[in-house]
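Peer 1: task: produce atomic coordinates for the following.
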Amino acid sequence: MENDYLESAKKQFEYYKMLGDKTFAQLNEEQLFWQFNEESNSIAMIVKHLWGNMRSRWTDFLTSDGEKDWRNRDEEFENDIATKAELLDKWNTGWQCLFDAINPLTAADLNREIYIRNQGHTVTEAINRQLAHYPYHVGQIVFLGKMLCNENWQSLSIPKGNSKTFNAEKFAQPKHKQHFTDEFLKDE
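Peer 2: As a prediction, this is how the structure comes out:
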C-alpha cells in the first residue's frame, strides 16, 4: 500500500502539472500577466509563488527544513517575470525540483520525520500538505485561463453538456484500472 501511495502521489502531481501546462498552451503572453485588480494575483504571480514554494520545500527534502532561509515568500507575489518563456522556465524548474525529491523515495521513507517551519511532519504528511496546496493554486491558474480565453477555452475535463455521452462511453467499456494518460484528465 505504501508503494501505491507514492505512485498515486506522483500521478496526482503529474496531473496538476499537466493541467497547468495545458492552460499555458492556450494563453498568450499578455494574458499570463493580467490581474483583475491590485489585490488579485496574475497567473505569473501564482507561478512565481509555486516555484518559490517548490524549491524551498523539495530542496534537500529529507535533510533540511522545508522553509529555507533563502526563500522570500513575500517577493513571490511581486511580479518580475518578463516573458512567457521565463514563466514556463520557473514552472518547470519548480516541478523538476519536486520530482527529483519524490522519485527516489521509498515506502521506508514515508514515516521519516521532516520539518517545515520547524514543525515536524512525516514524509506522508509533507506530501499530503503539498497535494492540497498545489492543486489550490493550479485551480486558480485554470480558472483565470478559462476566464481569459472565454469561448476559445478548450476544456481540460468533460465539456459542458457532454457528461451523459462521456459516461455512456466509459460504462460501455469493461472495468479496468485507470492509467495516467491524457484521457485521465477528462475523468474529473
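Peer 1: which helix of this structure spans the most residues?
Peer 2: helix 123-149 (DSSP state H).
Peer 1: ok, then the element right after that one?
Peer 2: Per DSSP states H and E, the first helix or strand lying C-terminal to helix 123-149 is helix 163-171.
Peer 1: average pLDDT for that following helix, rounded please.
Peer 2: Mean pLDDT, computed over helix 163-171, is 87.
Peer 1: next: stretch 24-43.
Peer 2: The pLDDT scores in stretch 24-43 average 97.
Peer 1: what's the first-to-last distance across that stretch?
Peer 2: One end of stretch 24-43 to the other measures 9 Å (Cα to Cα, to the nearest Å).
Peer 1: distance from that stretch to the middle of the chain?
Peer 2: Taking Cα atoms, centre = their mean, to the nearest Å, one finds stretch 24-43 lying 17 Å from the centre of the chain it belongs to.
Peer 1: shift numbering so it begins at 40
Peer 2: All right, first residue 40 from here; so that's stretch 63-82.
Peer 1: mind listing what's buried along it?
Peer 2: By neighbour count with 16 or more other Cβ atoms under 10 Å, stretch 63-82 contains the buried residues Phe63, Gln65, Leu66, Gln70, Leu71, Phe72, Asn80, Ser81, Ile82. C-beta here means a position set from N, CA and C on the backbone, and glycine is covered the same way.
Peer 1: among the residues you listed, which ones are in strands?
Peer 2: Using DSSP state E, no member of the buried residues of stretch 63-82 falls within strands.
Peer 1: can you pick out the most distant pair from these?
Peer 2: Pairwise distances across the buried residues of stretch 63-82 (Cβ to Cβ) peak at 18.6 Å, for the pair Gln65 and Asn80.
Peer 1: follow-up on the earlier one: centre of the chain versus the longest helix of the chain, how much separation?
Peer 2: Remark: helix 162-188 is offset 5 Å from the chain centroid, using Cα atoms, centre = their mean.
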